[in-house]
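**Q** Got a sequence here, can you build the structure:
(one chain, ligands or ions: 1)
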Amino acid sequence: MKKVLVTGGLGFIGSHTVVELQNEGFEVVIIDNLSNSKIEVLDKITSITGVKPSYFNIDLRDKAAVKDFFANNKVDGTIHFAAYKAVGESVQKPLDYYENNIGSLVYILQELKANSLNNFIFSSSCTVYGQADELPITENAPIKPAESPYGNTKQIGEEIIKDATKISDLKAIALRYFNPIGAHESAKIGELPIGVPQNLIPYVVQTAAGIREELSVFGSDYNTPDGTAVRDYIHVVDIAKAHIVALKRLIENKNKSNFEIFNLGTGQGNSVLEVIKSFEKVTGQKVNYKLVDRREGDVTAAYADTNYANNELGWKTKLSLDEALLSAWKWQKTL
Ligand code: UD1
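**A** This next block holds a predicted model:
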């Protein structure tokens, strides 16, 4: 049985990936410091899969603890989700973001090298493309100057990993997520935003649930068919499954180079208003909203060219926007 470390394994994408790994017969070890997750998620994962993953409450900024973990755990692969992810907060606390997202990454890579552990998957983001000049966005699209320290940690993170693959036997894949949404079909795990949600879908579901009075639609004068911004919303379970495919690719030495990058998106762009309408249609719930000014740092449109991931990685999304929105609503109702 192959053993996989999942950092941030109790978080939104991490927890869904742990479930898929266990379903595929991997033995999972989670590291999570609960900075943006709840320990109850461990029991929820267990109740979905019937297997309790090993769990360590380790802060990955603790170099000695990271060293100790890898000295005692010979893992066949590492999937690194643990990171801060709030764009606005990163502007207020840039050094915290660099310390947590970059410091931890460096410590992990050092210990992978020291212990000759070679398979590494990194959570990157379509934010590295900024407003791309061409749509849909291929992996070859140029990287644009980061709009936020958060975005910068993804760009720098990729560079660090690429350099690390040059000086050791490390093999790595960076997965650039478009907009992950939705929840597991069991409604036992999902997104747990702390405080007022910054992302669209959590805000939509909380508005429908009456927790928020009204959704602000940021910008209605974009150069898009209905004036609202366009994104590629992808079901978190499809995202999770891509990690298993990527991990197997590395374990089975099917990678074409030691640092590979794949987009994870559906290839379909939807506007904010389309998302609201779809949500209302599939759930029968009304979403109060108003059109307001654009949000600083937002791009007009971003959606993935999926050819490379489909053909080379051999992964494709299976779930629709409607299914993702319905699952997000079912999850919200359990909260
Ligand atoms: C954001 C981040 C991105 C990060 C991703 C995951 C920015 C600029 N980008 O993506 O780097 O990887 O989250 O956390 O913040 N919207 C509203 N009203 C709301 C919330 C959002 O109209 O209350 C709109 C936004 O303007 C955007 C779309 O919904 O057009 C999606 O927003 P969001 O869910 O925050 O994701 P991104 O901004 O695309």
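**Q** And the element among helices and strands of the chain having the smallest mean pLDDT, how far out from the chain middle?
**A** Lowest by mean pLDDT, DSSP states H and E among the helices and strands of the chain is helix 87-92, with a mean of 95. Offset of helix 87-92 from its chain centre (CA atoms, centre = their mean, to the nearest Å): 17 Å.
**Q** Now do that helix: everything it contacts.
**A** 84, 97, 127, 147, 148, 149, 150, 151, 153, 198, 297 (CB atoms under 8 Å, 6 or more residues apart in numbering). Heads up, the C-betas are built off the backbone N, CA and C, glycines and all.
**Q** Are it and the ligand in contact anywhere?
**A** Yes. For helix 87-92, a contact with the ligand is found by CB under 6 Å from any ligand atom, at residue 87.
**Q** May I see the buried residues of that helix?
**A** By 16 or more other CB atoms under 10 Å, the buried positions in helix 87-92 come out as 87, 89, 90.
**Q** Repeat that for stretch 156-168.
**A** The neighbour-count check on stretch 156-168 (16+ other CB under 10 Å) flags 156, 157, 158, 160, 161, 162, 164, 165 as buried.
**Q** Nearest to the ligand among these?
**A** Closest approach to the ligand among the buried residues of stretch 156-168 (CB to the nearest ligand atom): residue 157, at 12.5 Å.
**Q** Mind listing residues that contact the host helix or strand of the closest one?
**A** Here residue 157 sits within helix 149-166, counting by DSSP states H and E. For helix 149-166, the external contacting residues (CB under 8 Å, 6+ apart) are 83-87, 89-91, 93-94, 97-98, 101-102, 105-106, 109, 113, 120, 122, 124-125, 127-128, 143, 146, 170-172, 174, 258-259, 261.
**Q** picking up where we left off before, near the ligand, list only the ones from the contacts of helix 87-92.
**A** For the ligand, the contacts drawn from the contacts of helix 87-92 by CB under 6 Å from any ligand atom are 127, 151, 198, 297.
**Q** from the residues you listed, which would you call buried?
**A** Listed as buried from those are 127, 151; burial here means 16+ other CB under 10 Å.
**Q** Any chance of the ones next to the ligand among the contacts of helix 87-92 in JSON lines with distance to residue 31 as columns?
**A** As requested, those are exported to JSON lines (distance: CB to CB, whole Å):
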{"residue": "127", "distance to residue 31": "24"}
{"residue": "151", "distance to residue 31": "24"}
{"residue": "198", "distance to residue 31": "25"}
{"residue": "297", "distance to residue 31": "30"}
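**Q** picking up where we left off before, pull the helix holding residue 157 out as PDB, backbone CA atoms only.
**A** Provided in PDB are the C-alpha atoms of helix 149-166 (Å, rounded to 0.1, in the frame of the first residue of the first chain):
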ATOM      1  CA  PRO A 149       1.200  38.600  -2.000                       C
ATOM      2  CA  TYR A 150      -1.000  35.500  -2.000                       C
ATOM      3  CA  GLY A 151      -0.700  35.200  -5.800                       C
ATOM      4  CA  ASN A 152       3.000  35.900  -5.500                       C
ATOM      5  CA  THR A 153       3.400  32.900  -3.100                       C
ATOM      6  CA  LYS A 154       2.000  30.700  -5.800                       C
ATOM      7  CA  GLN A 155       4.400  32.100  -8.500                       C
ATOM      8  CA  ILE A 156       7.400  32.000  -6.200                       C
ATOM      9  CA  GLY A 157       6.400  28.500  -5.000                       C
ATOM     10  CA  GLU A 158       6.400  27.100  -8.500                       C
ATOM     11  CA  GLU A 159       9.900  28.700  -9.100                       C
ATOM     12  CA  ILE A 160      11.300  27.200  -5.900                       C
ATOM     13  CA  ILE A 161      10.000  23.700  -6.800                       C
ATOM     14  CA  LYS A 162      11.300  24.000 -10.300                       C
ATOM     15  CA  ASP A 163      14.800  24.900  -9.000                       C
ATOM     16  CA  ALA A 164      14.600  22.000  -6.400                       C
ATOM     17  CA  THR A 165      13.900  19.500  -9.200                       C
ATOM     18  CA  LYS A 166      17.200  20.500 -10.800                       C
END
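**Q** Stretch 214-234 near the ligand at all?
**A** Yes. Using CB under 6 Å from any ligand atom, stretch 214-234 reaches the ligand at 215, 216, 217, 218, 229, 231.
**Q** what residues are up against residue 227?
**A** Contacts here follow CB under 8 Å, 6+ apart; on that basis residue 227 touches 219, 220, 221.
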